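> here is a sequence with its predicted model. Questions after.
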Amino acid sequence: MAPCALCPADNPARAILRRPKTLQPVCKQCFFDVFETEIHNTIMGFGQAEGSSADGKGKRKELFRRGEKVAIGASGGKDSTVLAHIMTLLNDRYDYGLDLCLLSIDEGISGYRDASLDTVKRNAVQYDLPLKILSYHELYGGWTMDRVVGEIGKKGNCTYCGVFRRQALDRGAHLLTVDHVVTGHNADDVAETVLMNVLRGDIARLERCTAITTGGDLPPELDDPEDTKTLEGLLPRTIKRSKPFKYTYEKEIVMYAYFKKLDYHSTECIYSPTAYRGHARALVKDLESIRPSAIVDIIYSGEAMASSIKLLGRRAGGDPGPTNEKKGYTRAPRNSQQKCTRCNSLSSQPLCQACMLLESLNKGVAKVELGAEPSKEKLVGEANGSGAMEKLAV
């Protein structure tokens, strides 16, 4: 292997790997240094696309504020384990002043989640971080992913899991009274999501999927301090979420975990091979093998498209959706945000997506919904007449 490209030229160490991101030959210590420094720069707002994380004036914006309580979304996999390690390391090294904890969700997947939760528990001890574990079973009236798959089959199960998991993280964050949740979504994940939205023609979602931070306080018109739905377990506000690994390649995360000998669970979810994301992932990997910069190029392209859409006024808040003259239609305007009437989470309709999916499961119409796509009006009407969703408010 060639000498390290990042060491002093007069005394370079022997390189042990080529960085997947740049193809530079680097030694182990230089790889650690550049990996950690790049993530620190992302946290400090450097390297982000101009204006994408700014206050409207093109200024950089740090991901965290001193004193924030930050929950690390922990699954036991490579991404979340490296994230827990990095956040603990950088918080001490650069004195961010953050109060860190681990938040894990048990989806109820036999033979997979049990082992990964054991890893999370070990990580909590290794990094001396408090840990909170919430389960689908307790949050969603006895439903687990094993039970959901038994009801609807493997086609479309990732839709249910993704929606339930996002809300479960918000509910767990609220119970822990945290200000911020960080997740291990890496550059590959973001690039895949950009491609999925483009391939599905859902360009309006690009702004959210490319944002490094989403969420925060509710809009003033929804922030009612006397709202009666501020009971334990409900969501009077949305929680900020950030992706410190937004520009970090998956291969480099794996290498970092390997060389640091971190304790993580490497088995893939038994239900994920059927997910649509797998096709986008295969395309991203093929592009990366030809052009290593393809991953960040896709992300930057997604950011640019999102900025263009924002300038054109095509975003949530009642503005007209994009037109398709060839097919002869204009998409319906997006609904303004409101609070879900069941669980109080932020939603664009009377019932949030999680509540609608859970209601369909409780009524035994989930298979019909995935196949025939019944109208939302009918589903909302049925849901409003049932008390099953009150389980979410327990």
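Yes, it's here. Numbers count the residues shown, from 1 in each chain.

> K132 falls within a strand, correct?
Yes: according to DSSP: H, G, I helix; E, B strand; the rest coil, K132 belongs to a strand.

> for it, give me its contacts.
Residues near K132 by C-beta atoms under 8 Å, 6 or more residues apart in numbering: A71, C101, L102, L103, S104, G172, L175, L176. (C-beta placed from N, C-alpha, C; glycine too.)

> quick check: bridge partners of the third one?
This points to L102. L102 has these beta-bridge partners by DSSP bridges: I72, L131.

> residues touching it, list them.
By C-beta under 8 Å, 6+ apart, the contact list for L102 reads A71, I72, A74, A84, V120, N123, A124, Y127, L129, P130, L131, K132.

> highest neighbour count among those residues?
Neighbour tally across the contacts of L102 (other C-beta atoms under 10 Å): the maximum, 30 neighbours, falls on A74.

> quick check, that one in contact with L131.
Yes: with contact defined as C-beta atoms under 8 Å, A74 counts as touching L131 (7.4 Å).

> just the buried ones from the contacts of K132?
Burial by neighbour count, 16 or more other C-beta atoms under 10 Å: within these this picks out A71, C101, L102, L103, S104, G172, L176.

> state the pair within those that is farthest apart.
Farthest-apart pair in these is S104 and L176; separation 11.5 Å (C-beta to C-beta).

> correct me, but R66 touches Y96?
Yes: the pair R66 / Y96 is scored as a contact, 6.9 Å apart, by C-beta under 8 Å.

> neighbour count winner among the two?
Neighbour totals were compared for R66 and Y96, and Y96 leads with 22 against 9 (other C-beta under 10 Å).

> thought V178 was touching G67?
No: counting by C-beta under 8 Å, V178 does not reach G67; the two are 12.0 Å apart.

> quick one: mean pLDDT over the host helix or strand of E151.
Using DSSP states H and E, E151 sits within helix 145-152. The average pLDDT within helix 145-152 is 91.

> in this structure, where is pLDDT below threshold?
For the chain, applying pLDDT under 70 flags the ranges 47-60, 216-238, 274, 313-337, 365-394.

> in it, which spans are strands?
Ranges of strands in the chain, per DSSP state E, are 17-18, 25-26, 69-73, 99-106, 131-135, 180-182, 213-214, 240-242, 323-324, 329-330, 338-339, 346-347.

> can you list the buried ones among the contacts of K132 in JSON lines and add distance to R200?
Listed next are the buried ones among the contacts of K132 as JSON lines, based on distance: C-beta to C-beta, whole Å:
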{"residue": "A71", "distance to R200": "30"}
{"residue": "C101", "distance to R200": "35"}
{"residue": "L102", "distance to R200": "33"}
{"residue": "L103", "distance to R200": "30"}
{"residue": "S104", "distance to R200": "30"}
{"residue": "G172", "distance to R200": "29"}
{"residue": "L176", "distance to R200": "34"}
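
> so what's the residue count around E38?
17.

> could you give the number of residues near the closest residue to C355 other than its chain neighbours?
Distances taken as C-beta to C-beta, 6 or more residues apart in numbering put R342 closest to C355, at 4.5 Å, once the chain neighbours are dropped. For R342, the count of nearby residues is 27 (other C-beta under 10 Å).

> tell me the one of the contacts of L102 nearest Y160?
Using C-beta to C-beta, these come closest to Y160 at A74, 21.2 Å.

> quick check, G76 in contact with L117.
Yes: using C-beta under 8 Å, G76 is in contact with L117, at 6.4 Å.

> intersection of neighbour lists for these two?
The contact lists of G76 and L117 share S104, where a contact means C-beta under 8 Å, 6+ apart.

> tell me which of those two has more neighbours.
Per other C-beta under 10 Å, whichever of G76 and L117 has more neighbours is G76, with 24 against 20.

> count of neighbours near L283?
17.

> and for G364?
As a burial measure, G364 scores 9 neighbours (other C-beta under 10 Å).

> show me what contacts it?
G364 touches E151, counting by C-beta under 8 Å, 6+ apart.

> now do the helices in the chain.
Counting by DSSP state H, one finds helices in the chain at the ranges 28-43, 78-93, 113-126, 136-139, 145-152, 157-175, 187-199, 206-210, 250-259, 277-290, 294-311, 353-363, 366-372, 376-384.

> got the CA positions of the second one in CSV?
Listed next in CSV are the C-alpha coordinates belonging to helix 78-93 (Å, rounded to 0.1, in the frame of the first residue of the first chain):
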residue,chain,number,x,y,z
LYS,A,78,-23.2,-0.1,13.0
ASP,A,79,-24.6,3.3,12.3
SER,A,80,-26.2,4.0,15.7
THR,A,81,-23.3,2.4,17.6
VAL,A,82,-20.7,4.6,15.8
LEU,A,83,-23.0,7.5,16.3
ALA,A,84,-23.1,6.9,20.1
HIS,A,85,-19.3,6.6,20.1
ILE,A,86,-18.8,9.7,18.0
MET,A,87,-21.3,11.9,19.9
THR,A,88,-19.8,10.9,23.2
LEU,A,89,-16.2,11.5,21.9
LEU,A,90,-16.9,14.8,20.2
ASN,A,91,-19.1,16.1,23.1
ASP,A,92,-16.1,15.6,25.4
ARG,A,93,-13.4,16.7,22.9
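
> which residues sit against that helix?
36, 39-40, 43, 70, 72-74, 96-98, 100, 102, 119-120, 123, 127, 129, 182-186, 244-245, 250, 253-254, 256-257, 260, 262-264, 266.

> one more time with 6 Å
39-40, 72, 74, 98, 100, 123, 127, 184, 186, 253-254, 256-257, 262, 264 (C-beta atoms under 6 Å, 6 or more residues apart in numbering).

> just give me the closest of the residues you listed to A306.
Taking C-beta to C-beta as the measure, A306 lies nearest N186 of those, at 18.9 Å.

> how about that closest one, nearest residue that isn't a chain neighbour?
In space, and not counting its chain neighbours, N186 is closest to F245: 4.3 Å by C-beta to C-beta, 6+ apart.
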